[in-house]
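Participant: Task: produce atomic coordinates for the following.
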Amino acid sequence: MKNIFCLVISLIITALVGNAEVVLPHIIGSNMVLQQNSYARVWGMATKNAKIEITLSWSNTKLSTVAGKDGKFFCQLPTSAASFDAQTIVIKDLSDNKSITLTNILIGEVWLASGQSNMQMPLKGFPGCCVEDGFEEIAFSDREQNNVRFFTVPLKHSYQLEEDVDAQWTIPSAQVATDYSAVAWHFAKNLSHALGVPVGIVSAAYGGTRVESWMNKQLLETHGFSTKKEDIDNVEWEYEKILLPYNAMFYPIRNFTYKGIIWYQGESNVGRPNFIPLMKDMVKLWRYDISLGDIPFFMVEIAPYKYGEDNAAAYLREMQFKLSREITNSGLVSTCDLVLPQEMYNIHPRQKKTVGQRLAWLALNRTYGKDMFMYTGPTYMELIIEGNQAFVGFDNLQMGICSNYMIEGFEIAGDDHVFYQADSVWLRWQTNHVVVSSKKVSKPVAVRYCFKDFAHGTLFGGGFLPAYPFRTDNWD
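Facilitator: This is a model prediction of the structure:
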């Protein structure tokens, strides 16, 4: 703690302006949550070459730094352990004694929530798409005012890198919670209750965006994308334009201090090539920009939805699963059970509470060491053929398989590569093998589970977590 340092940095803010007064980006504001037991970063503008004094209420500490010739300053604040006690930060420009005071600050855990519409989807829902119990959450949201805080980045495009966003930290109430990301809200609530600390969410999600929308100019060009304005302008749908959300929505918030990232995206990349290398590079870029090491990156499997006839979404889910095994400090929660038949053509299924809960359990186990929380459902391990029956074995069975009847979603094929819905599926409880057969397949060679655009999974492990969709074949 004695070696805390504050330093001048010349490339932090270009959009902020101000002379002879302290000006901060919107994300550094009253009601915010700062990451506990860290060096929380703050930055802003003041008089050029001025000495800046920063006073922290939680430690009665005064830190100092010097603004650069352009007036920009940057400082890292040593934070305490989490607390529900409201704290204050005073930032003073000693050249003229003008200052700004930030109040009602909490210290806890901070997560960045991003992706496309299923992460953006607010508690109030979208037109034609409801969130289950969303308004009940809104009505009682003020009960969480000391547990959860939100900073929601507005939807915006920019051809230039932005340094600020027009938003503010909010305290939950019926007036403002309507627009909170439903998934992030339930993630934060569960995390706060389990850890007993405040949780801050920075939500930067934009419906319809592709992975490419969240990558910078240099990285996109290495993947062969044109970043010329005229080429981007030619894209018909605003939400599918690459680069621009990165510039306007992620880049301005990159310097805030986060514990980890939750990510719900992929629908707009269904049927597009190179999803795995794009996602790997995007995660690498974000971690580089955030500059906090390989912080957790936890993903949500895209929900069942009838995209077309080629089951392209099944292949994307398969790629998401592979990414969760290949990206360091990452994970994936499945959603294959969280749809109803009437939601086949609803890309925004109503059950967001369970998605947020599963993300929280994943974080509680993997990030916070709370191993009493199970975070993964059964994963395919082996296929054994005996006569006309296929015995499917699974890994991650801490509590065994918790469904032993009405197991749906399995298909089976012979060497003709034609899959038929299994007409017999039962659990061999002694070994936790699922036994699959069809009268139409006398010599099975391959099995698939929920490997379609839209399929409803009914196979569960401990914690009532669903088995991940899979296939035992590698056929096109």
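
Participant: ok, so what distance separates the residue lying closest to Ser173 once chain neighbours are set aside from Ala182?
Facilitator: Spatial nearest neighbour of Ser173, excluding adjacent residues (CB to CB, 6 or more residues apart in numbering): Asp142 at 4.9 Å. Heads up, the C-betas are built off the backbone N, CA and C, glycines and all. Remark: distance between Asp142 and Ala182 (CB to CB, to the nearest Å) = 17 Å.

Participant: more crowded one of those two?
Facilitator: Ala182 (29 against 15; other CB atoms under 10 Å).

Participant: My guess is the residue nearest to Ser173 contacts Pro172. True?
Facilitator: Yes: with contacts counted by CB atoms under 8 Å, Asp142 reaches Pro172, the gap being 5.9 Å.

Participant: Quick one, grab the pLDDT at Ser10.
Facilitator: Here the pLDDT value assigned to Ser10 is 34.

Participant: for Lys48, that is, sorry about that
Facilitator: 94.

Participant: who touches it in this structure?
Facilitator: By CB atoms under 8 Å, 6 or more residues apart in numbering, the residues touching Lys48 are Asn19, Ala67, Gly68, Lys69, Asp70, Gly71.

Participant: What are the boundaries of the helices in the chain?
Facilitator: 117-120, 134-139, 182-195, 217-222, 229-233, 244-245, 275-290, 312-326, 353-366 (DSSP state H).

Participant: Please name every helix or strand in contact with the first one.
Facilitator: The one in question is helix 117-120. helix 182-195, strand 199-205, strand 260-264 (3 or more CB pairs under 8 Å, 6 or more residues apart in numbering; DSSP states H and E).

Participant: Please repeat the previous calculation with a cut-off of 7 Å.
Facilitator: helix 182-195 (3 or more CB pairs under 7 Å, 6 or more residues apart in numbering; DSSP states H and E).

Participant: ok, how many other residues are close to Arg358?
Facilitator: Neighbours around Arg358, by other CB under 10 Å: 32.

Participant: That one reaches Val333, doesn't it?
Facilitator: Yes: assessed by CB atoms under 7 Å, Arg358 is found in contact with Val333 at 4.0 Å.

Participant: So Asn404 sits against Trp429, correct?
Facilitator: Yes: Asn404 lies in contact with Trp429 (CB under 7 Å); the separation is 6.4 Å.

Participant: Now do the buried residues in stretch 43-63.
Facilitator: Buried residues in stretch 43-63, defined by neighbour count with 16 or more other CB atoms under 10 Å: 43-47, 50, 52-56, 58, 63.

Participant: for stretch 114-126, that is, sorry about that
Facilitator: Ser114, Gly115, Gln116, Ser117, Asn118, Met119, Gln120, Met121, Pro122, Leu123, Lys124, Gly125.

Participant: What distance do you get for Met215 to Lys280?
Facilitator: 11 Å.

Participant: and what of Ile232?
Facilitator: Relative to Lys280, Ile232 is positioned 23 Å away (CB to CB).

Participant: for Gly68, same thing?
Facilitator: 36 Å.

Participant: Among those two, which residue is more densely surrounded?
Facilitator: Comparing Gly68 with Lys280 by neighbour count (other CB under 10 Å), the higher total belongs to Gly68, at 18 against 15.

Participant: Low-confidence stretches in the stretch 251-400 of the chain?
Facilitator: Within the stretch 251-400 of the chain, no stretch has pLDDT under 70.

Participant: hmm, try it at 80
Facilitator: In the prediction, the stretch 251-400 of the chain carries residues with pLDDT under 80 at positions 309.

Participant: Sketch out the low-pLDDT regions of the stretch 1-150 of the chain for me.
Facilitator: 1-20.

Participant: thinking again about what came up before, which one, of the helices of the chain, ends up nearest to Val418?
Facilitator: Val418 sits nearest to helix 312-326 of all the helices of the chain, at 16.4 Å, using CB to CB.

Participant: buried sites along the closest one?
Facilitator: Quick answer for helix 312-326 (16+ other CB under 10 Å): Ala313, Ala314, Tyr315, Leu316, Arg317, Glu318, Met319, Gln320, Phe321, Leu323, Ser324.

Participant: now, among those, which is nearest to Val110?
Facilitator: Nearest to Val110 among the buried residues of helix 312-326, with distances taken as CB to CB, is Ser324, at 22.5 Å.

Participant: any idea how far that closest one is from Ser83?
Facilitator: When Ser324 is compared with Ser83 (using CB to CB), they lie 33 Å apart.

Participant: and if you look at Thr335?
Facilitator: In terms of CB to CB, Thr335 sits 35 Å off from Ser83.

Participant: ok, those two, which is more surrounded?
Facilitator: More neighbours surround Thr335 than the other of Thr335 and Ser83, with 23 against 16 (other CB under 10 Å).

Participant: Out of the helices of the chain, flag the one nearest Asn474.
Facilitator: helix 312-326 (10.3 Å).

Participant: Just want the angle from that closest one to helix 353-366.
Facilitator: For helix 312-326 against helix 353-366, the angle by axes from the mean of the first three to the mean of the last three CA atoms, to 10 degrees is 20 degrees.

Participant: From the contact counts, what lies against helix 312-326?
Facilitator: Against helix 312-326 (3+ CB pairs under 7 Å, 6+ apart) you get helix 275-290, strand 330-333.

Participant: Would you format these as a markdown table with distance to Leu34 included?
Facilitator: What follows is the helices and strands packed on helix 312-326, written out as a markdown table (distance: least, CB to CB, whole Å):
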| stretch | distance to Leu34 |
| --- | --- |
| helix 275-290 | 15 |
| strand 330-333 | 25 |
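
Participant: Of these, which is nearest Val33?
Facilitator: Here helix 275-290 is closest among the helices and strands packed on helix 312-326 (CB to CB), at 16.2 Å.

Participant: and the angle for that closest one with helix 312-326?
Facilitator: Going by the same axes, to 10 degrees, helix 275-290 makes 50 degrees with helix 312-326.

Participant: so how far is helix 275-290 from its chain's centroid?
Facilitator: Put simply, helix 275-290 sits 13 Å off its chain's centre (CA atoms, centre = their mean, to the nearest Å).

Participant: Residues in contact with that helix: which ones?
Facilitator: Applying CB atoms under 7 Å, 6 or more residues apart in numbering, the contact partners of helix 275-290 are 211-212, 214-216, 219, 223, 254, 258, 261, 269, 294-295, 297, 316, 319, 322-323, 327.

Participant: mind listing what's buried in it?
Facilitator: Those would be Phe275, Ile276, Leu278, Met279, Asp281, Met282, Val283, Leu285, Trp286, Arg287, Ile290, for helix 275-290 by 16+ other CB under 10 Å.

Participant: Can you add distance to Thr367 and give the residues you listed back as a markdown table?
Facilitator: Formatted as a markdown table, these follow (distance: CB to CB, whole Å):
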| residue | distance to Thr367 |
| --- | --- |
| Phe275 | 25 |
| Ile276 | 24 |
| Leu278 | 25 |
| Met279 | 20 |
| Asp281 | 23 |
| Met282 | 20 |
| Val283 | 16 |
| Leu285 | 21 |
| Trp286 | 17 |
| Arg287 | 15 |
| Ile290 | 15 |
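
Participant: Can you tell me which of these lies closest to His26?
Facilitator: Closest to His26, out of all of the buried residues of helix 275-290 and judged by CB to CB, is Ile290, at 17.9 Å.

Participant: From Leu161, how far out is the closest one?
Facilitator: 15 Å.

Participant: okay, now the domains of this protein?
Facilitator: 6-105, 107-366, 379-471 (automatic domain parsing).
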